[in-house]
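>>> Quick one: sequence and predicted model below, then my questions.
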Amino acid sequence: MVLTFLRRACAVAFCTLSSTQIEAAEKLISTNLDTRTVLAFRVPNEVVRKLLPAGWELDAAPDGPNLRVVFANNLLVQDAEGKASENLRVVTLTAQAKSSTEEKAGIALGGFLSAAAAVPGPYFNYSAASAVFSQRVGVNGAGKSVIEEAWEFRGSEGDALDLKIQFERGPLARVKANTKTYSSSKPDFFRIYRIEQAVDVINASSGRNRLAQMALKASGPLFGSILDGSEQLVSVTSIPYYARQIYLPEP
């Protein structure tokens, strides 16, 4: 039961693909190693629907999350030949959706990148922002681990997103997934991910709530209009190890 939930939660809003879907011709474009923190929220469906491209509808359980905010800190990014590029701090809004042809996939709805040169980003809908990330890990004599994180993104025209969070580390689950994600700005464009990650679902139910503190503040046209304080937090997932290969379909 727990592993099933983890496979759903840790895909960070990206739909898992079958092996037959993955076998189509693909081209490796890059690999990356990150640490990630994922917040899953329940917001009014109409708020998310306005961000989806034509031909797509929400694919979320009535009482489950319909929006995720993915905070990522790159540790290593390499192109297909193994050449390293600049490490970035990234935040992405994502949603699970279903197309008119019944295909299920994640939709990247936009976000912030910490380097102007990287804009408009992998899905053509990111803005540049100054970004600061800090993390503190403390382990006491009994082996209890407490993690504190602070994320700050400052864009133009009042765009900003701040997260401060503190939680107790729980047992990690090792999860592999094949996922596919489309762009809200270019609905025909998608990327394929092959992921291996270590996942800690911090606040998925009252029995596993190890979230000590959390403060989220958003402003600006993208994040501020969605995360206005009325959103319901469903889960927090910490991913201290996130490794993936990124592919594009061959023309």
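Here it is on my side, so go on.

>>> if I look at V201, how far off is V119?
32 Å (C-beta to C-beta, to the nearest Å). The C-beta positions use only the backbone N, C-alpha and C, and glycine is treated the same way.

>>> quick one, which of the two is more surrounded?
V201 (24 against 14; other C-beta atoms under 10 Å).

>>> need the helices for the stretch 1-150 of the chain, in chain order.
For the stretch 1-150 of the chain, the helices defined by DSSP state H, counting those that start in this stretch cover 2-9, 19-22, 45-49.

>>> what about the strands in this structure?
15-16, 26-42, 56-58, 67-79, 89-99, 104-113, 126-128, 130-139, 145-154, 160-168, 173-183, 190-201, 211-219, 232-249 (DSSP state E).

>>> Let me see the mean pLDDT of the fourth one.
Per-residue pLDDT values across strand 67-79 average out to 98.

>>> Just the buried positions in that strand, please.
Buried residues in strand 67-79, counted by 16 or more other C-beta atoms under 10 Å: L67, R68, V69, V70, F71, A72, N73, N74, V77.

>>> go on, the longest one?
Across strand 232-249, burial judged by 16+ other C-beta under 10 Å covers 234-240, 242-247.

>>> Not including adjacent chain positions, what is the nearest residue to F223?
Among residues not flanking F223 along the chain, L161 sits closest, at 4.9 Å (C-beta to C-beta, 6 or more residues apart in numbering).

>>> How about that neighbour: which residues does it bridge to?
F153, A218 (DSSP bridges).

>>> ok, now the one 4 residues further on?
Partner residues in beta bridges with I165, using DSSP bridges, are E149, M214.

>>> can you count the residues close to it?
23.

>>> Contacts only, for it.
Contacts for I165 were tallied using C-beta atoms under 8 Å, 6 or more residues apart in numbering; they are T37, E148, E149, A150, L211, Q213, M214, A215, V236.

>>> Quick one, which of the residues you listed are buried?
T37, E149, M214, V236.

>>> Enumerate every residue touching the second one.
Taking C-beta under 8 Å, 6+ apart as the definition of contact, the neighbours of E149 are T37, F133, S134, Q135, R136, L163, K164, I165, Q166.

>>> same check, this time on the third one
Going by C-beta under 8 Å, 6+ apart, M214 touches L163, K164, I165, Q166, L233, V236.

>>> what about it, distance to E46?
From M214 to E46 the distance is 26 Å (C-beta to C-beta).

>>> Report the contact partners of A80.
Contacts of A80 (C-beta under 8 Å, 6+ apart): K27, L28, I29, S30.

>>> rerun at 7 Å
Under the criterion of C-beta atoms under 7 Å, 6 or more residues apart in numbering, the neighbours of A80 are L28, I29, S30.

>>> Of those - the most surrounded one?
Result: S30 is most packed of the contacts of A80 (other C-beta under 10 Å), 19 neighbours.

>>> so who does the residue nearest to the spatial centre of the chain touch?
In the chain, the C-alpha nearest the mean C-alpha coordinate belongs to V70, at 2.9 Å (C-alpha atoms, centre = their mean). V70 makes contact with V12, R36, V38, V91, T92, T94, according to C-beta under 7 Å, 6+ apart.

>>> Many thanks, we can stop here.
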